[in-house]
Structure formats: structure tokens, C-alpha cells
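1. Next come a sequence and a model predicted from it.
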Amino acid sequence: MHTPELPFSSWGKPTHHLDVRAVRRYNAILRLISHVGEGAYFVMATGAICMFFGFLFFGNFENAIFSDGTSLTCMLDGITGEVVNVDD
């Protein structure tokens, strides 16, 4: 069954006029976006690795919080070893 073509549709028809400057400009924009994306990826990956090692070597994971249900909450500071009152 053959469907009649719409008079203003270019679907499925080869392009007869191609603007070479527009295609080059479009490719240049896509290339620029690609380079910016690659740069952002490397910056974020480097930042994530630096943050990981910063937390690993300089992070304080020995803090403990003590709460007995009252408004007084205490925290054991892992660096100094002192128990301090924490305001809510």
C-alpha cells in the first residue's frame, strides 16, 4: 500500500543543498563540547581521588557522640581525647 507523500515533508528525501560552513561550525561546536566534557571529567576524577586520600590520611574517624536522652550531648574528640559538650 503506497502512502501519498505530504507536499511539505522532506522525510526520506536526499538533501540537495548542504551548507558546508554550517556543518563545519556545528562539528567545531561539538568538538569544543567534547573537549570541555573531557576536561571536566579529568578535573572531577582528580578531585575525587584527592578527596579520598585526604579523608583517608587526614580524616578523624575516631569521634564518638554520647547521648543519654537529655539535652546534654557529649562528644569524644578523637584528636585531643577530651570529652566536650555539644550544643544542639
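-> Everything's here; your move. Numbers count the residues shown, from 1 in each chain.
2. chain center to the least confident helix or strand in the chain by mean pLDDT: distance?
-> Ranked by mean pLDDT, DSSP states H and E, the weakest helix or strand in the chain is strand 64-67, scoring a mean of 80. When distances are taken as C-alpha atoms, centre = their mean, to the nearest Å, strand 64-67 is centred 34 Å away from the chain's centroid.
3. so what strands line up beside that strand?
-> Strand 64-67 has its sheet partners listed here by DSSP bridges as strand 73-76 (antiparallel).
4. Just checking, which helix or strand succeeds the partner strand along the chain?
-> With elements assigned by DSSP states H and E, the helix or strand that comes after strand 73-76 is strand 83-86.
5. helices or strands up against that following strand?
-> The contact analysis (3 or more C-beta pairs under 8 Å, 6 or more residues apart in numbering; DSSP states H and E) places strand 83-86 against strand 73-76. The way it works is simple: take the backbone N, C-alpha and C, and place the C-beta from them, glycine included.
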